[in-house]
Structures are given as structure tokens and as C-alpha cells.
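1. fold the following for me, if possible:
(one chain, ligands or ions: 1)
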Amino acid sequence: MKTSLYLLAILSLAISAFAVEISEVAQGVYFRKGDLDRGQANGGFIIADEFVIAIEAPNDQAANELIAEVGARTSKPIRYLVVTHGHCDHDGGVGVFLQRGVTVICHETLHQQYVSQGKPGTFLGVTHELEFSQGGRLIKFIAVQGNAHSPTDLYSYLPAEGVVFTGDSAVNMPGTVYRVLDHLRGCRRSRD
Ligand SMILES: [Zn+2]
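-> Model (predicted):
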């Protein structure tokens, strides 16, 4: 009896160690808090009318976890993956989604990098802004011009919900103010 209790305790510790925090910030819009100890940056997913848009694939493990987390909430398929920028803790698991036939939405500069790497799959590269409407839900994908946090930043903005996924342009760590300033410069360049 004692042994099985210990086993249960160990198992629950193991499960909680890998549990990430997921919160619904607007109806059908989920924020997934990353786990930097496992190389996982923040991300999320959006449940649209007919399909799901996943955001970020930090590594293969995170991609598979995200697929399971979406599957626990809806039977709709993941049709698109948004990559906020081309750093490995955000796009290291892109291959998991590409193998499943998911289309990757990213900054056009990152799309070109994937092409030059010979990465097989379907991509939707955003040059400036792309409006995406499905089932009454509007998402604007905005490609930052020039360098903000990186040369390949793409924001996903949901005006009705007041939600924006920025990737690392706004993170809670040293340097954020400078990143936000860079972002504002990038936005100004985007507008020009
Ligand atoms: Zn980054």
C-alpha cells in the first residue's frame, strides 16, 4: 500500500512537472504559458468556426503537447500554425505540424529562410498585413517591417477580442522596454 502511494506521488509529480498553464483569454482564444526549462516559449491557439489556428511550435515535444491540448478541447482540426518569429524556442517544432499537412503562417522573410533551408511543406508568408476572417472571427496578421525583436516578427491581432499575440516583442524579462521601443519603430516602419 505504502509503495503504491509513493508511486502515485511520483507519478503526479511527473505529470505536474510537464503541465503547462493554459488560459482562455477570450472566447475560443487560448494563451499557453511556456516552460523555458523545457525550451518552450509562450504560445496559444484559436478555435475558429471550422478549424483551429495554433500559435508557436517551440520544439517537437511542445508541438505534440499542443496538439493534445487542442484535441482535449475540440474535435476541429488544426489547419494553420502561426510562427511569431524564427527563433528556435518558437519554431523548433514546426516540422511536427508540417508533417500533419498544417499550413504555416509566418513573416515572408522567415518563409524565404524556410525555402532556402529546403523545408518541405505549405507556407503562407505575410509581407505586410493579411486579414483572415472565418465564422465572424477576424484575425489580422501583421508583419513587422525591419528589425523589432527579430527580422521576422509577425503579430496576430484579434480586434474584436482585444487580443494580440506578439511573440518575444513583449516579454517579462530585462530588455523589454527596448524591445517595445524597437517594436514601435517597427510599427512605424510598417505604416510607412
Ligand atoms: Zn525570440
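2. tell me how far residue 138 lies from residue 130.
-> Separation of residue 138 from residue 130 (CB to CB, to the nearest Å) stands at 11 Å. No exception for glycine: its C-beta is placed from N, CA and C like everyone else's.
3. do the same with residue 165
-> Using CB to CB, residue 165 is found at 14 Å from residue 130.
4. kindly report the same for residue 30.
-> Residue 30 sits 21 Å away from residue 130, going by CB to CB.
5. in this structure, where is pLDDT below threshold?
-> By pLDDT under 70, the weakly predicted segments of the chain are 1-18, 171-192.
6. flag every residue of it that's near the ion.
-> Proximity of the chain to the ion (CB under 5 Å from the ion) is limited to residues 87, 168.
7. check contacts around residue 24.
-> Residue 24 sits next to residue 30 when contact means CB atoms under 8 Å, 6 or more residues apart in numbering.
8. give me the beta-bridge partners of it?
-> residue 30 (DSSP bridges).
9. how about the strands in the chain?
-> 22-26, 29-32, 43-47, 52-55, 78-82, 103-107, 123-126, 129-134, 137-143, 154-158, 163-165 (DSSP state E).
10. quick one: strands adjacent to the fifth one?
-> Strands flanking strand 78-82 in the sheet, each with its direction: strand 52-55 (parallel), strand 103-107 (parallel) (DSSP bridges).
11. mind checking which of those strands is nearest residue 93?
-> For the strands paired with strand 78-82, the distance to residue 93 is smallest for strand 52-55, at 10.2 Å, taking CB to CB.
12. next, count neighbours for the residue lying closest to residue 59 once chain neighbours are set aside.
-> Nearest in space to residue 59, with sequence neighbours left out and distances taken as CB to CB, 6 or more residues apart in numbering, is residue 92 at 4.1 Å. When neighbours are defined as other CB atoms under 10 Å, residue 92 has 20 of them.
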